[in-house]
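1. compute the structure for the input listed below.
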Amino acid sequence: MNTNNFSTTILFSHDKPVIAKGQFDKFETLLFLPPNQDRIAESGLRKKGNFKHSYKYIVNNDCLSASRNSSFEASEGKNKLTADVLYSSVTATAHDNTDYTESKKNKIELDCKNDTGIWYICDTDGNPVKPAPMEIQEKIEESIKSLQDNINYDIENTDKNEDALQRPITFLPLITVVTVVFNGVKTLEETIKSVINQTYPNVEYIIIDGGSTDGTLDIIKKYEDIIDYWVSEPDKGIYDAMNKGIFLALGEFVYFLGCDDLIVSTNIFDKIFFDNINKYDFIYGNVFMKPNRNIIYNGYFNSYKLMLRNICHQAIFYKKKLFIQYDCYNIKYYSWADHEFNLRIFKKSKKKYINIIIAIFNDDGFSEYNNDSNFLNDFGLIIRKNLGFVFFILYNTRRFLIKLLESIKIKNIIKRIIKKN
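-> Take a look at the predicted model:
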């Protein structure tokens, strides 16, 4: 299998990720899960020393500031930089200094004169920390050109947005896709293919298996040269496995795709992450539900709508910082913890709705047939805590009216039966 043909292997390097430090240090980002005596197996690109990063394009006058500070102050333009300083900064931190020749130094000098810049590896908070190796610089430029051409073509044939046509791509966030699976041999391979065939060039893929015994591991091992990290061990349920994926994620954004769900097309990530989305805490769209309902679900959400129904996690890209700031999924809610989490963050987050179908969602799965009694028992309190007292009153009023209508309906049915007899 030629791994160079997949988005999950285009931009990996041997540079270990720089873990950002801040006010949420209690949240630990992991490269691998801690040892577990019940573990069946683990592997992937990370175990072979290959890692992914987000990348930012830094204009030459700001490169010195970016390389000296973990938090980027480039916009202030405090530091001026000569070509020689830039060259020494690049060669001192690049993966293989011996690859840099005098011609590359000349190229950098020319770039400086043209007021251009270079791509920087970012830490896990998205702050530029050091220049990317030259090989990565070239791959990013090739990918960006292809991505820009495809997007420009789409725009030219749709809304004629001239501003978007001219907008440069200066940030290439790493997108971490997490799939949790248990005995998913019938569907997992198609799910994997829908991820690794994305044309967006900076995708990290993590699979958390709950200890499958049906041949699922054979499928995972088939793709382990493309998957960044996978592990197979017993867990405490779907959301415990998803929390493991969150702790392992190195991406700026985290996306959850079930083992029986599919990303709808190969260019979905391109369409979403070309735009200036870094200012949003989460981005969401639609899913197509099948095989039972065969509908598009569910459009734009406000607080009232979220009280009534959830946004599918197959439709949401979360910034990882949300889980750091507001904690991960509460595994007490074994079927609907994602609804509780969405209620927890909704009013505190800057969000964006994109009217496109992101994934095909299997509505014949676990949550469809497993009502979460813990969630239902706590639902009123969850609403009051996260949406406020007004929504709590609305929720209880609505519940009372529904019960009243059901009672009237039952009484009318009983009356009709009595009359017939």
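2. so where do the helices sit in the protein?
-> Remark: helices assigned in the chain by DSSP state H are 63-68, 83-93, 102-113, 134-156, 162-166, 188-196, 216-222, 238-248, 268-273, 303-308, 320-326, 337-345, 373-387, 389-420.
3. looking at the ones you listed, which one has the lowest mean pLDDT?
-> Ranked on mean pLDDT, the bottom entry among these is helix 83-93, at a mean of 38.
4. can you list the domains in this structure?
-> Taking automatic domain parsing as the reference, the chain has its domains at 173-367, 388-420.
5. residues in contact with residue 318?
-> Residue 318 makes contact with 253, 254, 255, 281, 282 under the criterion CB atoms under 8 Å, 6 or more residues apart in numbering. Any C-beta I mention is one placed from the backbone N, CA and C, and that applies to glycine too.
6. does the third one have beta-bridge partners, and which?
-> In other words, residue 255. Beta-bridge pairing for residue 255 (DSSP bridges): residue 177, residue 317.
7. and if you look at the last one?
-> Per DSSP bridges, the residues bridged to residue 282 are residue 318, residue 351.
8. hmm, it is touching residue 316, no?
-> Yes: contact between residue 282 and residue 316 holds when scored by CB atoms under 8 Å: they sit 5.7 Å apart.
9. returning to that earlier point: so which of the domains of the chain is the most packed in?
-> domain 173-367 (a mean of 20; mean count of other CB atoms under 10 Å).
10. quick check: residue 147 vs residue 171, distance?
-> 12 Å (CB to CB, to the nearest Å).
11. does residue 352 really touch residue 280, like I thought?
-> Yes: at 4.6 Å, residue 352 and residue 280 qualify as touching, with contact defined as CB under 8 Å.
12. who's in contact with residue 249?
-> 29, 176, 178, 204, 206, 320.
13. please name the residues that touch the residue lying closest to residue 348 once chain neighbours are set aside.
-> Leaving aside its chain neighbours, residue 348 sits nearest to residue 326 (7.3 Å; criterion: CB to CB, 6 or more residues apart in numbering). By CB under 8 Å, 6+ apart, residue 326 lies in contact with 341, 344, 345, 348.
14. wait, the first one sits on residue 332?
-> No: counting by CB under 8 Å, residue 341 sits too far from residue 332 to count as a contact (11.9 Å).
15. show me which of residue 147 and residue 171 is the more surrounded one.
-> residue 147 (21 against 18; other CB atoms under 10 Å).
16. for the more buried one, give its distance to residue 10.
-> 11 Å.
17. what sits in contact with each of the two?
-> Shared contacts of residue 147 and residue 10, counting by CB under 8 Å, 6+ apart, come down to residue 201.
18. how distant is stretch 374-386 from the center of its chain?
-> Offset of stretch 374-386 from its chain centre (CA atoms, centre = their mean, to the nearest Å): 26 Å.
19. what does stretch 197-217 give?
-> The answer for stretch 197-217 is 14 Å, by CA atoms, centre = their mean.
20. span of it from start to end?
-> 20 Å (CA to CA, to the nearest Å).
21. how near is the residue nearest to residue 300 when sequence neighbours are not counted to residue 18?
-> Distances taken as CB to CB, 6+ apart place residue 353 nearest to residue 300, at 4.7 Å, with adjacent residues excluded. Separation of residue 353 from residue 18 (CB to CB) stands at 32 Å.
22. returning to what we had before: let's have the domains of the chain in CSV, adding distance to residue 37.
-> As requested, the domains of the chain are exported to CSV (distance: least, CB to CB, whole Å):
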stretch, distance to residue 37
domain 173-367, 9
domain 388-420, 45
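23. and of those domains, who's closest to residue 141?
-> domain 173-367 (10.6 Å; CB to CB).
24. from the chain's centre, how far out does the closest one sit?
-> For domain 173-367 - counting by CA atoms, centre = their mean - the centre lies 7 Å from the chain centre.
25. save the contacts of residue 318 as CSV, and put in pLDDT too.
-> As requested, the contacts of residue 318 are exported to CSV (pLDDT from 0 to 100):
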residue, pLDDT
253, 97
254, 98
255, 98
281, 97
282, 97
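26. from those, pick the one nearest residue 291.
-> residue 255 (22.8 Å).
27. can you pull the contacts of the closest one?
-> Taking CB under 8 Å, 6+ apart, one finds 175, 176, 177, 178, 316, 317, 318 in contact with residue 255.
28. then residue 8?
-> By CB under 8 Å, 6+ apart, the contact list for residue 8 reads 45, 195, 196, 203, 204, 205, 226, 227, 228.
29. ok, now with 6 Å
-> 196, 203, 205, 226 (CB atoms under 6 Å, 6 or more residues apart in numbering).
30. ok, the contacts of residue 249 vs residue 243, which is closest?
-> Among the contacts of residue 249, residue 178 lies closest to residue 243 (CB to CB), at 9.8 Å.
31. what's near enough to touch that closest one?
-> Residue 178 sits in contact with 206, 245, 256, where contact means CB under 6 Å, 6+ apart.
32. and the second one, how far from residue 204?
-> Right, residue 245. Residue 245 is 10 Å from residue 204, where distance means CB to CB.
33. cool, and the last one?
-> When distance is defined by CB to CB, residue 256 is 13 Å away from residue 204.
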